[in-house]
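Visitor: okay, sequence plus prediction incoming.
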Amino acid sequence: MISLLITLLVTAVSLLIISKLPTGVEIDSFNKALISAIVFGVLNALLRPILAFISFPITFITFGLFALIINAVIFGLAAALVTGFRLRWGFWSALIGSFALGVINSIILNLLPL
């Protein structure tokens with residue numbers, strides 16, 4: 001349970017960091033980033049397995065690169081569902097933001113002693 005809360009907080013902080021970078025991702029406050037992290041986590045838990053199963057042939061043909069598109073779709077859905085979370089350039093912001101979220105989350109989680 002504690003690791004889930006830590007991951008949630010790390011994702012919220014990562015979203016705030018991404019919103020300060022020139023990625024086209026805009027988040028109003030830490031509260032919106034926390035809500036966005038919750039929505040992103042729920043979408044990853046519920047929707048990602050379905051999308052990964054349906055798109056397996058395309059992912060296989062592209063040597064796994066289509067998984068980036070799936071991440072961008074989930075990132076964009078999270079932005080559409082949370083009111084203080086906007087994507088300035090649409091899909092491109094979602095693609096850049098989801099890639100940056102993965103990198104920043106990995107860095108921060110590897111720095112934490114869990």
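Guide: Perfect, thanks for sending it. Numbering: from 1, shown residues only.

Visitor: what's the helix ranked longest in the chain in contact with?
Guide: In the chain, taking DSSP state H as the definition, the longest helix is helix 91-111. Outside helix 91-111, the residues that touch it by Cβ atoms under 8 Å, 6 or more residues apart in numbering are 7, 10-11, 13-15, 17-18, 21, 23-25, 68-69, 71-76, 79, 87. Glycine gets a C-beta too; all of them are placed from N, C-alpha and C.

Visitor: out of those residues, name the ones that lie in helices.
Guide: Members of these lying in helices (criterion: DSSP H): 7, 10-11, 13-15, 17-18, 68-69, 71-76, 79.

Visitor: got a quick ChimeraX command for the buried subset of these?
Guide: Buried members of the ones in helices among the contacts of helix 91-111, defined by 16 or more other Cβ atoms under 10 Å, are picked up in ChimeraX with:
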select :7,10,11,13,14,15,17,18,69,71,72,73,74,75,76,79
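
Visitor: centre of the protein to the edge, which residue is at the far end?
Guide: The outermost residue of the chain, judged against the average C-alpha position, is I61 (23.7 Å), by Cα atoms, centre = their mean.
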